[in-house]
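Student: turn this into a structure:
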Amino acid sequence: MSWLAAVPAAVPTASAQQALGYPSLFLLVLIGALVPVVPTGALVSSAAVVAFHQTAPLTLALVFVTASTAAFLGDMALYWLGRRGMKSKNGSRWLEAIRSRAPEERLTQAQGKLADHGVAVLVLSRLVPAGRIPVMLACLMAEWPMRRFARGNLPACLAWAVTYQVIGILGGSLFREPWEGVVAAVALTVVISAAPSVWKRIRRPAKA
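Tutor: This is a model prediction of the structure:
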């Protein structure tokens, strides 16, 4: 697929592009789950735009399976590393990275919601911008075993992949050229990600 810069522009056939594109998507989403700075939602939406414009059968299904599997495995690996850090006297850099991206206020909220609603909060956490890490840390502090975390994380990753794929399909359906749909999908994911923080900044002066 031609939706990744890492894929050479000179790849001669669509099948060859897909052979390189799916592993690239898998690797980037996996890395994005481990290092929460990669815009994985935008990647999935962009891939869905290009898949929507292709005539190859099951292309959208392959994007969904690739993205959701990579997200699930990445989350499970990060949770396992976090559990190891919790058990270690000196902690770990992975656990420290998780804590650094979970503000105290959001962590307290996540712990309260997790205590009240359990797995349902974990499912929703991937759909809320910047919600995944605080809830994951709350699960670590509640000493959830890997199996229990996996039961909630699997539907969370499936719902996340569907949501961003739908965004990509909408972007692809609005424009004739794939690159225009990619730009629209990326812009929409950025707006969705930034909306909660912008809303909080607007509300703070109003409360004051």
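Student: poorly predicted segments of the chain, please.
Tutor: By pLDDT under 70, the weakly predicted segments of the chain are 1-20, 55-57, 89-92, 175-208.
Student: packing partners of the helix or strand hosting Gly41?
Tutor: Using DSSP states H and E, Gly41 sits within helix 40-53. The contact analysis (3 or more CB pairs under 8 Å, 6 or more residues apart in numbering; DSSP states H and E) places helix 40-53 against helix 14-34, helix 59-87, helix 146-174, helix 178-207. Every C-beta, even on glycine, is put in place using the N, C-alpha and C of the backbone.
Student: buried residues, the second one. List them.
Tutor: What it means is helix 59-87. Buried residues in helix 59-87, defined by neighbour count with 16 or more other CB atoms under 10 Å: 59-60, 62-64, 66-76, 78-79, 81-83, 85.
Student: which residues touch stretch 80-87?
Tutor: Stretch 80-87 is contacted by residues 91-92, 94-96, 98, 136-137, 140-141, 143, 146 when judged by CB atoms under 8 Å, 6 or more residues apart in numbering.
Student: can I have the buried ones of the residues you listed as a PyMOL selection?
Tutor: Buried subset of those, written as a PyMOL selection, criterion 16+ other CB under 10 Å:
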select buried, resi 92+94+95+98+136+137+140+141
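Student: okay, and which of the contacts of stretch 80-87 map to helices?
Tutor: Among these, the residues falling in helices (DSSP state H) are 94-96, 98, 136-137, 140-141, 146.
Student: nearest to Ser45 among those residues?
Tutor: The nearest member of these to Ser45, counting by CB to CB, is Met136 at 22.7 Å.
Student: contacts only, for the closest one.
Tutor: Counting by CB under 8 Å, 6+ apart, Met136 makes contact with 75, 78-79, 82, 98, 125.
Student: which of these sit farthest apart?
Tutor: Most distant of the contacts of Met136, by CB to CB, are Gly82 and Ser125, 14.4 Å apart.
Student: helix, strand, or coil at the residue nearest to Leu137 when sequence neighbours are not counted?
Tutor: Closest residue to Leu137 apart from its sequence neighbours, by CB to CB, 6 or more residues apart in numbering: Ala102 at 4.6 Å. Here Ala102 is recorded as coil under DSSP: H, G, I helix; E, B strand; the rest coil.
Student: I'd guessed Ala102 sits against Gly131; true?
Tutor: No. Counting by CB atoms under 8 Å, Ala102 sits too far from Gly131 to count as a contact (10.1 Å).
Student: the more surrounded of the two?
Tutor: Counted by other CB atoms under 10 Å, Ala102 and Gly131 do not tie: Ala102 has more neighbours, with 22 against 19.
Student: quick one, phi psi at that one?
Tutor: Per-residue torsions, Ala102: phi -120, psi 90 (degrees, to the nearest 10).
Student: about what we covered before: got the contact list for the residue nearest to Leu137?
Tutor: So Ala102 contacts 110, 133-134, 137 (CB under 8 Å, 6+ apart).
Student: of those, just the buried ones, ChimeraX syntax please.
Tutor: In ChimeraX, selecting the buried portion of the contacts of Ala102, with burial taken from 16+ other CB under 10 Å, looks like this:
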select :110,133,134,137
